[in-house]
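S.K.: Quick check, what structure comes out for this input:
(one chain, ligands or ions: 1)
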Amino acid sequence: GATIVFGPTASPAYDVHVAKDGEELKLGNVTIKVLHTPGHTMESSTFLLKDENGKDKIVTIDAPIGSSILEIAHQHDLPLEGACEGSLACSTCHVVIDDKSYQSLKPASDEENDMLDLAFGLTKTSRLGCQIIVTEGMKNMTIKIPSQTRNL
Ligand code: FES
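M.R.: Numbers count the residues shown, from 1 in each chain. Purely as a prediction, here's the structure:
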């Protein structure tokens, strides 16, 4: 009995709610914010889910090739700081990448590793978001933003 919600670029033949970019919808305790829907399928849409406490859950993003993870996070209002705007002078763009994707990335430079050493909550698959540029082969990368970052 639930309403099916599509992004603004959808044009389904049956009766659904077609959302606008930025629109927020309530589904039980969950708030769904329609961030951007560049394509024509649900898979290419981007939604920000918040639970009943207003906490972010999962965000799925179609990442444009050539953008850094930091840039994409900023475009989608995700809480990744990036105090030095990508000049490798801070560690506030620290992200944790899923194992498989981490292995497929170009290794971090010495400069990135030096900054990463200062990151809060460093893990074996940590990287700096400003140094990871989306390339064609990247698929299904899961990126976690550590809950605390510090600006050094
Ligand atoms: Fe400062 Fe990435 S934004 S190192």
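S.K.: Could I get the average pLDDT for the lengthiest strand in the chain?
M.R.: In the chain, taking DSSP state E as the definition, the longest strand is strand 30-36. Averaged across strand 30-36, the pLDDT comes to 70.
S.K.: Same question for stretch 141-151.
M.R.: Rounded mean pLDDT across stretch 141-151 is 68.
S.K.: do stretch 114-129 as well
M.R.: For stretch 114-129, the per-residue pLDDT averages 93.
S.K.: And the ligand, is it touching that?
M.R.: Yes: Stretch 114-129 is in contact with the ligand by CB under 6 Å from any ligand atom, via 115, 128. Using the backbone N, CA and C atoms, a C-beta is placed for each residue, glycine as well.
S.K.: and stretch 108-123, which residues are buried?
M.R.: Within stretch 108-123, the residues scored as buried using 16 or more other CB atoms under 10 Å are 108, 112, 115-116, 119.
S.K.: Can you give me the end-to-end span of it?
M.R.: Stretch 108-123 has its terminal residues 14 Å apart, counting by CA to CA, to the nearest Å.
S.K.: Quick one: name the residues of the protein near the ligand.
M.R.: Selection of the chain residues close to the ligand by CB under 6 Å from any ligand atom yields 70, 82-86, 88-90, 92-93, 115, 128, 130.
S.K.: if we go to 5 Å?
M.R.: 82, 84, 86, 88, 90, 93, 128, 130 (CB under 5 Å from any ligand atom).
S.K.: Give me the pLDDT for the second one.
M.R.: Translated: C84. Value for C84, per-residue pLDDT: 94.
S.K.: Need phi/psi at it.
M.R.: phi -100, psi 10 (degrees, to the nearest 10).
S.K.: Provide the backbone phi and psi angles at the closest residue to it other than its chain neighbours.
M.R.: Nearest residue to C84 in three dimensions, chain neighbours excluded: C90, at 4.3 Å (CB to CB, 6 or more residues apart in numbering). With angles defined as degrees, to the nearest 10, C90 sits at phi -150, psi -180.
S.K.: looking at it, I69 is touching G129, isn't it?
M.R.: Yes: using CB atoms under 8 Å, I69 is in contact with G129, at 3.8 Å.
S.K.: returning to what we had before: the buried residues of stretch 108-123 in strands, which ones?
M.R.: Checking these against strands, none of them qualifies (DSSP E).
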